[in-house]
Each structure stands twice: as structure tokens, then as C-alpha cells.
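Q: Build me a model from this:
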Amino acid sequence: MIEELTQAYIPLVIWIGLGLIFSRLTPDKFLKFLGQGLYWVGVPLQLFVLARQTDTTKGLVIPVTVAIAVLLLSLAIALVTWFSWQWFQQLQSQLETNLDSKSPEAQRATLGSFVLATILGNTGFVGLTLTQVLTSHDHSLNNNWAVLFSVTNNVVGTYGLAILIASYFGQKQSSNHWWTQLQAVATVPSLWTFFLGLNTQFVQLPAAIETGLDQAVLVVIALALLLVGLRLGMIKGRASLPKASLVSVIKVFIIPLLVGLGATYWGVTGEERLVLVLMSGTPTGLSVLILAEVYDLDRDLLASSIALTFLGLFLALPLWLFLFT
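A: Residues are numbered from 1 along each chain as shown. So this is what the prediction gives:
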């Protein structure tokens, strides 16, 4: 297990660490350029390569079902935790809490941010990286499940459920018609390259190109983790740490544990179970920061949640490897 943890931690520590070191020296234009490059080129290329290696004849239902179930389960637990915590605070003291001191609009925005930070995971950058490092490269089913889980999470979560939540709880009124969401999903480049990769599996590319594509995926992973470090280094909020701590516990401990136990109950074991656990326990995705700007949500809570869930991931990985391998 020590060797597996070392392999998982090395890319995380090196690239995220470099991002943290250079975050204060990096102009915002470069961050936007890097983010746009990954969105339009990097991640689509990664999914294209992985999709070409995905066997669609088996194992499709389980990862898609689990990904949707994780979103709904996270939503339910987030709401129950939030209102239970509020009730406990009111019972403990009649003094105004930090949340009560806010306007009703700000309270709604904070609740929406808490929910978003809990349900949206970084399945693309971090999830695919961890599964590629911690599972057997010659076991294609692991790759299939990780890719399908990530795609489902993005379509149903990031471009579906998350937009509904953000528009409902956000302080900024924004037109959110169903056709707007459909257009957003239809224009996601990752989805197009994913389906392109699936439908070109029969095309035999020269060995040099195949090798180049595999190496390009490694570069994409490094740049994605570097971007995470750069963004983490710019986090300034500290007042939301208690709420962000709750998010971290739910996101990287409770949800993956429930998924692992559920998978075991339904007969899913070995590396396939580990893939589901890793993908369901990824840190809060950077996409929440984009939603925060669009819908005027609680930016401090979302930024703090990203930071603490990453710290929680480092603590949780040994536990998941011990319990589910």
C-alpha cells in the first residue's frame, strides 16, 4: 500500500505544490488561459484517448448509476447536515449566528454554496488521475468505469443539477431556461471528443501517434493539477472554514464510505469497487467557482471547501486503499 500511496501522492504533491509556490507570481490572465486551454483542448484530448480504450460492451450501467446516485445522495446528506447544524446552533444559544446575521438572500446563497461544494467533485482532473495511478493499466474495465463516471458527473451534475441549484439559491437573477441548459450541455467539447473516441475505436492509428496521445494525457494531468495548485494558492477566505470542514467530511469520507459499503453489498469488489470509491470521493470541483461568479454565491465557502477537501483527500486515500483493495 505504501508504494501505491507514493505513486498517488507524487503527482499531487509535485504539481499542486508547484502551483501553490507560483500562485502569487502568476497573472490572472495566465490562469484563465490555462483553464480555457484545459477546457477546450486538454480534457477533451484526455477523454478522447480514454474513450478509444473504453469497452462499451460491458460494465456501462454500474458506473453511470452510481454517479447519479452519488449526486442525489450527496444532495440529501448536505441538506440534512445543514439544517441539523442550524437547529443545533439555535438550540445551543439564542444569540445570532454568523448565518443569521446575513440577509435572507445571503443565507440562501450560503446554503446553495454548501450544497454545490458537497455534490460536485473534481472527477475529471483528480478522479481520472487517481484511478489511472492506483489501478491496473491492463484492466480496461477500471478505465471504462472511471471515464463513464466522470462524463455522467459532468453532464448530470455540473451542467444539470448544479445549474438548477445555483440559479435557485443564487443572489443574482439569471435566465435559466431549459434550452439554455441544453445548449450548455451540447457545446461541452469533452462530450464530443468522448463520443468521437468511442466511434473511432476501430481506426488503427500509427504507433507513434498512439504513443504521442498517451504522453499528451500525462501532460494534461500535470497541467490540470498545476491549475488546481494555482487556484488554491489564491484562496483568501477563512471565515467559512467551519462550514467547509463539514463539506470535507461529507465529500471525502462519508460519501465514499457509503459507496464502498454499498458496492460490497451488491457484489462489486476489487479494483472496480476502488474506482467507484475514488471517483465518488474526489475533492470539490473548480467548476463551483465559475458558478459562484455567474450566480453570486458564497465564494469564500466554495474556495475554502476546495482547499479542505483536497487536504481531506490526502488523509482519506490510505483508508480507502486499506478498506477497499
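Q: which residues of this structure score low on pLDDT?
A: 1, 56-59, 92-102, 137-142, 171-185, 236-239 (pLDDT under 70).
Q: Confirm Val228 sits in a helix?
A: Yes. Per DSSP: H, G, I helix; E, B strand; the rest coil, Val228 lies within a helix segment.
Q: ok, now how distant is Ile62 from Ala224?
A: Noted for Ile62: a distance of 26 Å to Ala224, by CB to CB, to the nearest Å. Glycine gets a C-beta too; all of them are placed from N, C-alpha and C.
Q: between the two, who's got more neighbours?
A: Ala224 (24 against 20; other CB atoms under 10 Å).
Q: Now the closest residue to that one other than its chain neighbours. Its backbone dihedrals?
A: Excluding its sequence neighbours, the residue lying closest to Ala224 (CB to CB, 6 or more residues apart in numbering) is Phe125, at 3.9 Å. Dihedral pair for Phe125: phi -80, psi -60, per degrees, to the nearest 10.
Q: residues near Phe125, how many?
A: The burial count for Phe125: 24, using other CB under 10 Å.
Q: so who does it touch?
A: Neighbour list for Phe125: 38, 43, 221, 224-225, 227-228, 286 [criterion: CB atoms under 8 Å, 6 or more residues apart in numbering].
Q: Identify each buried residue in the host helix or strand of Thr309, please.
A: Assessed by DSSP states H and E, Thr309 sits inside helix 299-324. The neighbour-count check on helix 299-324 (16 or more other CB atoms under 10 Å) flags 299-310, 312-313, 316-317, 319-321, 324 as buried.
Q: separation between Asn122 and Leu198?
A: Taking CB to CB, one finds Asn122 at 23 Å from Leu198.
Q: my bad, should have said Leu313
A: Leu313 sits 30 Å away from Leu198 when distances are taken as CB to CB.
Q: again with Val155
A: Applying CB to CB to Val155 and Leu198 gives a distance of 15 Å.
Q: Wait, Ala146 touches Val277, no?
A: No. Between Ala146 and Val277 there is no contact under CB atoms under 8 Å: 11.4 Å.
Q: between Asn122 and Leu198, who's got more neighbours?
A: Each of Asn122 and Leu198 has its neighbours counted (other CB under 10 Å); Asn122 has more, 25 against 15.
Q: Could you check the helix or strand encompassing Leu257 and say which residues are buried?
A: If you go by DSSP H and E, Leu257 is part of helix 255-265. Going by neighbour count (16+ other CB under 10 Å), the buried part of helix 255-265 is 255-260, 262-263.
Q: before we move on, what about stretch 215-233?
A: So for stretch 215-233, counting by 16+ other CB under 10 Å, buried means 216-217, 220-233.
Q: ok, back up a step: sort out which of the contacts of Phe125 are in helices and list them.
A: 43, 221, 224-225, 227-228 (DSSP state H).
Q: Present these as TSV; the columns should include distance to Trp192.
A: Converted to TSV, the ones in helices among the contacts of Phe125 look like this (distance: CB to CB, whole Å):
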residue	distance to Trp192
Val43	12
Ile221	21
Ala224	19
Leu225	24
Leu227	22
Val228	24
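Q: Mind picking the one among those residues that's closest to Ser84?
A: Checking the ones in helices among the contacts of Phe125 against Ser84 with CB to CB, the nearest one is Val228 at 30.9 Å.
Q: Please give the number of neighbouring residues around the nearest residue to Phe169 once chain neighbours are set aside.
A: Leaving aside its sequence neighbours, Phe169 sits nearest to Gly112 (CB to CB, 6+ apart; 2.5 Å). A count of nearby residues for Gly112, using other CB under 10 Å, gives 25.
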